[in-house]
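Asker: Pasted the sequence and its predicted model underneath.
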Amino acid sequence: MKSLLKGIVLLFSLLLISCGGKEEKKKEGFSVDRQKTTTTKTADVTEDAGTKASERIDLTNKGVGPIKSMNLNSEIDQAMAATGKEVYDQMCLACHRIGKKFIGPAPNDILKRRTPEWVMNMILNPENMVKEDPLAKELLIEFNGSPMANQGLTEEQARAVLEYFRTL
Amino acid sequence: MKKIRYSMLAFIGLVLVFTGCNDAGKSSNGALSSGAAEKVYVAPGEQDEFYAFLSGGYSGNLTVYGLPSGRMFKEIPVFSQFPTSGYGYSEETKPMLNTSFGFVPWDDLHHPDISQTNGELDGRWIFVNGNNTPRIARVSLSTFETEEIIEVPNSAGNHSSSFITENTEYVVAGTRFSVPVPQRDMPINEYKGNFKGALSFISVAPDNGRMNLEFQLLMPGFNYDLSRPGRGKSHGWFFFSTYNTEEANSLLEVMASQNDKDFIAAVNWKKIEEYVKNGGGTKMPTNYAHNVYDEESHTGTSTMIKEVVTVDPTKVPGSLYFLPTPKSPHGCDVDPSGAYIIGSGKLSADITVHSFDKMLDAIENEKFDGEAYGIPILNFEDVLAGTVKSGGLGPLHTEFDANGNAYTTFFISSEVVKWNVGTWEVLDRKPTYYSVGHLMIPGGNSRKPFGKYLVAMNKITKDRYLPTGPEMEHSAQIYDISGEKMELIYDFPTHGEPHYAAGCPAELLASKSQKIYRLDENKHKYATLGANDARVERNGNEVHIYMSTIRSHFTPDNIEGVKVGDKVYFHITNQEQDFDVPHGFSIIGQNTSELLVMPGQTKTSVWEPKKVGVWPFYCTDFCSALHQEMQGYVRVSPANSNIDLSWSLGE
C-alpha cells in the first residue's frame, strides 16, 4: 500500500514536470507572464529584463553605426517603399519573413519598438551592433546566436528598406 | 621582488645568448646569420611585400605565395579539376577544360607571365601555359580565377610559352615537339624535313583580355624550348631558343646533342603581323577549343574554332633569323633594356650573350653563315656581345635586377650566379638546395625589375625538410639580393613542380582584389536572387533545384518528388554579400565534387540519385556558429512513383 502510494505520488509529480515542460515549449509567453506577476513590486528594469529583447520597446536607443539622427516624413514615400521591397526580397528575405519569426525577427511594426536610426545601423553595421549595442547583443542570443549578415546595402538602399517597413 | 630579479636575469641571459649567436652566425654560414630570420619574418597580422605566382607543373594549377614569408595563400585551379572549389566538376566550369580531344581534366602548367604596359607589370592578368595538351590560360588578377583557356592547334608540348610582348599585344606560344602539320598518318622516321614547329601569336584584347589566335609561324622541325619578347629597343621581336636542330626522332638524349651549336630564332613579329593584316598567310582547316568564363553569368562556354592562319616565314623576307648558340640552349632571356639576348647552353659552362644592335647590323650587312631551310643563319661572332665565363655547369635561366645585374641558375652545379650585364664579370655565387631549375625576381622579366628578393625553384628536395616518404614537394629558396652579395634567407616547400614564377609588388594587386560578387550583377541563368525565387522544377527526368544559401540554411531544405533515374541539378546561389563568407554544398553519393560558392555567386552540381531513400545534403564550409545546422534532405522515390515535386523550409 505504501509503495503504491509512493508510486502514485511519483507518477503525479512526473506528470506535473512533463506538463510544465511541454507548456513552456508550446506557449513562449508563459514563463514571461509568470515572472511579471511575481515581480510586480520591483522596478521597471526588472520588467525589461523579463521581456524578450525582440518585444521590448526602446524608442531612444539609436544603436551603433553611421546613422546618428534622421527624420521621417509623416507621409510614406510609396516609390521609395517599392524600391525597398525589391532590395528586401533579394537581400533580407532569406532570414526575415513578413509576419512571422524566422531566422531573425519579423520587421512588422518595427518602428513602434525601435528608432529609425537603430534599424538603419542594424542593417548597415550588424557586426558592431551585436558586439556593442546591448539590445542587439540580447537579440543575437534570443535568435539562437545566428548573427545578422552584413548584406552590403548602401545607405540609400537601407533607407528604402526602412520605408518599406513602414508600409507593413 | 626576487621573482622579478630572476626573470630580469633570465631575460638578459636570453638576450646575450641570442645576440651572441647572431654575431657568431654572421661570420660563419650565410643562412643562419643575424638578419635572415628578421628579413623573412612577417609578424602575425602583417602582410607580405610581394606576391609570387608559382607554376604548379604537373599539378596543373597555379599557386600564390607571399614574399618574403614564403606563405602560400591560394591554389588557383587552371588546367586541373579542383574539388576544393568544384572547378572542373561544376556545370559552369566543365566547359573550361574542353579541348579538341574532349574533356581533358589535367595539364602540366609551366610559365606564368604577368601582363605588361610599356614593358612594366600592370597586374591585370597572368597568363600560363598547359604543356601537354597545348593550351594558354588567362587568369584574372582581381578575382584570381581562370577566365579563359585557348587551345593551340598544330602544337605539341606547348613549352616556349606563355610569354607576352611588352604591351600585352600578344601572348606567345611555341611548340616544343615538332609534328606533322596538319597531323597525318606517316612513318616516324620520316620526321626530318617533314615535321614542323608552330609558333603561335595570340592577341589579347586590351579592354577585357580576350584571346584570339591571330597567326602561326610554321618553322623547321626543331624543338622550340623557351622564349622571350624583345623590350625597349628590341620591342617588335621575339626570341625562341631551339634544340634538336639535328631533327632526331629517337634517343634525343644523344642524337639531339650532336651539333656544337643550335639556334636562338629571332622573329620580327611586327613584320609578320603586317603581312597577315595585308592578307598574307594561308588559312588552314583545323579544330581547337576556345573557352571563356563570364564573370557575370558565372558560366564558362566552349566554342570550337575550325580555321587558323599559318605563315611560312620564308615568304616574309626579313622576318626570321637564326642566332647560333652553343650547346642546346634552354633559357632564352632578354635584359631589361632589351639590348641583350641571353642563351644558356644547358650542356655548357658558359653563358652566351647576343647583342641586339649587332644582330641588326649583321642583318643589314648580311653577315650570314649559311642558311637552314631558307632561313639566314647570322654569323656567331658578329652577333656575340660576350660570354660569361661562369665556372659553373649547366646554366638554365636568367633574371635581372634594376642595377644592371643578371642572375643565372646552374642546374648541374646547383647554384645561382650573379654577373654584370656589360662586363660579363661574375660577381657572386651561392649554392642552391638542390639542382635549381627556374628562378624569379619580381618584375625580373620586364623593363622594371624589383630586385630585392630572388626565388630559386629547385628540382630536388632530399633532406631539406622532414621526410614524407619517397614523394616530397619541391624546395624553393629565397635570397636577399639587395646587397652586393646574395644571402640565402629562407627555405620553403612548393606545390607540384614549379617551372618558373612571376612576382609583383603587393600594392599592385592587393587593393583591387575583388571581395564579393554582387548579387545584383548576377546574370546566371539558374540564379536564385531572392529567397522567393527558390523553387524546384521538373523537365522530363531533369530536376532543377533553385537553391539559395545564407548563414546558416539552404532555401529550400526539404525536397520531395525526386525519383531514381532523375538528373538533379542543384543550382546554388550564395546570397551573402559579405567578404569571406562562402558556403559549400555536398550531397551523399555525388559523383563529382562539392561546390564552394562565393558570396553572390551561383554554381551547379549534378546529382543522379541511384537509391530510394531520404538523403542529406550539407554545407561543407564552416560558415557560422550554426554551420552544423546547415543541412537538408532530398526524398528519392522509386522511378515509377507519382509523388509530386514539393519543397519547403521551416514548415
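Answerer: The structure has been received and is ready for your questions.
Asker: where do the strands sit along chain A?
Answerer: Counting by DSSP state E, one finds no strands in chain A.
Asker: For residue B:117, see how far away the residue nearest the centre of chain A is.
Answerer: For chain A, residue A:54 is the residue whose C-alpha lies nearest the centre (Cα atoms, centre = their mean; 2.2 Å). Residue A:54 sits 56 Å away from residue B:117, taking Cβ to Cβ, to the nearest Å as the criterion. C-betas here are computed from N, CA, C, even on glycine.
Asker: tell me which helix or strand of the chain sits lowest on mean pLDDT?
Answerer: With no chain named, the answer covers chain A. Least confident element among the helices and strands of chain A, by mean pLDDT, DSSP states H and E: helix A:30-38 (a mean of 43).
Asker: Could you do chain B as well?
Answerer: Lowest by mean pLDDT, DSSP H and E among the helices and strands of chain B is helix B:2-27, with a mean of 45.
Asker: buried residues in the helix or strand following that helix?
Answerer: Sequence-wise, the next helix or strand downstream of helix B:2-27 (DSSP states H and E) is helix B:34-40. Neighbour-count burial for helix B:34-40 flags B:36, B:39, B:40 (criterion: 16 or more other Cβ atoms under 10 Å in any protein chain shown).
Asker: Present those residues as a markdown table; the columns should include pLDDT and distance to residue B:71.
Answerer: Shown next, in a markdown table, are the buried residues of helix B:34-40 (pLDDT from 0 to 100; distance: Cβ to Cβ, whole Å):
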| residue | pLDDT | distance to residue B:71 |
| --- | --- | --- |
| B:36 | 92 | 16 |
| B:39 | 95 | 14 |
| B:40 | 96 | 10 |
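Asker: Nearest to chain A among these?
Answerer: Proximity of the buried residues of helix B:34-40 to chain A (Cβ to the nearest Cβ) peaks at residue B:40, which lies at 33.3 Å.
Asker: And the pLDDT at residue B:257?
Answerer: Residue B:257 is assigned 87 on the pLDDT scale.
Asker: Which residues are in contact with the closest residue in space to it that isn't next to it in sequence?
Answerer: What sits nearest to residue B:257 in space, not counting adjacent residues and going by Cβ to Cβ, 6 or more residues apart in numbering or on different chains, is residue B:328, at 6.0 Å. Contacts of residue B:328 were listed using Cβ atoms under 8 Å, 6 or more residues apart in numbering or on different chains, and they are B:243, B:256, B:257, B:262, B:345, B:346, B:347.
Asker: which residues does the residue lying closest to residue A:97 once chain neighbours are set aside contact?
Answerer: In space, and not counting its chain neighbours, residue A:97 is closest to residue A:106: 6.3 Å by Cβ to Cβ, 6+ apart. Contact analysis of residue A:106 by Cβ under 8 Å, 6+ apart lists A:96, A:97, A:98, A:99, A:100.
Asker: and chain B, what are its domains?
Answerer: As assigned by automatic domain parsing, chain B contains the domains B:55-512, B:519-648.
Asker: For residue A:117, which of those is the nearest?
Answerer: Counting by Cβ to Cβ, residue A:117 lies closest to domain B:519-648 out of the domains of chain B; the figure is 21.9 Å.
Asker: Could you spell out the sheet neighbours of the helix or strand containing residue B:559, each with its direction?
Answerer: Using DSSP H and E, residue B:559 sits within strand B:558-563. Take DSSP bridges as the rule and strand B:558-563 pairs in its sheet with strand B:631-637 (parallel), strand B:646-648 (antiparallel).
Asker: List the neighbours of the following helix or strand past that strand that are in contact with it.
Answerer: Going down the chain from strand B:558-563, the next helix or strand is strand B:567-574, by DSSP H and E. The contact list for strand B:567-574, computed with Cβ under 8 Å, 6+ apart, reads B:91, B:519, B:522, B:524, B:526-529, B:541-550, B:562, B:581-583, B:585, B:587, B:595, B:597-609, B:617, B:634.
Asker: ok, now stretch B:420-429?
Answerer: So stretch B:420-429 is contacted by B:335, B:340, B:353, B:386-392, B:400, B:404-406, B:415-419, B:484-486 (Cβ under 8 Å, 6+ apart).
Asker: State the mean pLDDT of it.
Answerer: Mean predicted lDDT for stretch B:420-429 stands at 97.
Asker: buried set for it?
Answerer: Buried residues in stretch B:420-429, counting neighbours by 16+ other Cβ under 10 Å, are found at B:421, B:422, B:424, B:426, B:428, B:429.
Asker: what do you get for stretch B:380-399?
Answerer: Result for stretch B:380-399 [16+ other Cβ under 10 Å]: buried residues B:380, B:382-386, B:388, B:390, B:392-399.
Asker: Please tell me how far the residue lying closest to residue B:453 once chain neighbours are set aside sits from residue B:474.
Answerer: Sequence neighbours aside, residue B:67 is the residue nearest to residue B:453 in space, at 5.2 Å (criterion: Cβ to Cβ, 6+ apart). Distance of residue B:67 to residue B:474, given as Cβ to Cβ: 17 Å.
Asker: Tell me which of the two has more neighbours.
Answerer: In terms of neighbours (other Cβ atoms under 10 Å in any protein chain shown), residue B:67 is the more surrounded of residue B:67 and residue B:474; the figures are 27 against 20.
Asker: Tell me who's in contact with that one.
Answerer: B:48, B:49, B:50, B:51, B:52, B:442, B:453, B:455, B:478, B:503.
Asker: Any chance of a PyMOL selection covering the buried ones in those?
Answerer: Burial among the contacts of residue B:67 is assessed by 16+ other Cβ under 10 Å; the matching PyMOL selection reads:
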select buried, chain B and resi 48+49+50+51+52+442+453+455+478+503
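Asker: now, the most widely separated pair of the contacts of residue B:67?
Answerer: Most distant of the contacts of residue B:67, by Cβ to Cβ, are B:51 and B:478, 13.8 Å apart.
Asker: Now for residue A:76, how many residues are close by?
Answerer: For residue A:76, the count of nearby residues is 13 (other Cβ under 10 Å).
Asker: so which residue of the stretch 301-450 of chain B comes closest to chain A?
Answerer: residue B:301 (26.2 Å).
Asker: That residue bridge partners, please.
Answerer: According to DSSP bridges, the partner residues bridging residue B:301 are residue B:292.
Asker: looking at it, it is touching residue B:149, isn't it?
Answerer: No: using Cβ atoms under 8 Å, residue B:301 is not in contact with residue B:149; the gap is 11.4 Å.
Asker: who's more crowded, those two?
Answerer: Per other Cβ under 10 Å, whichever of residue B:301 and residue B:149 has more neighbours is residue B:149, with 28 against 14.
Asker: can I assume the more buried one sits in a helix?
Answerer: No: looking at residue B:149 with DSSP: H, G, I helix; E, B strand; the rest coil, it is strand, so not inside a helix.
Asker: Could I get the pLDDT score of it?
Answerer: So residue B:149 comes in at 98 (pLDDT).
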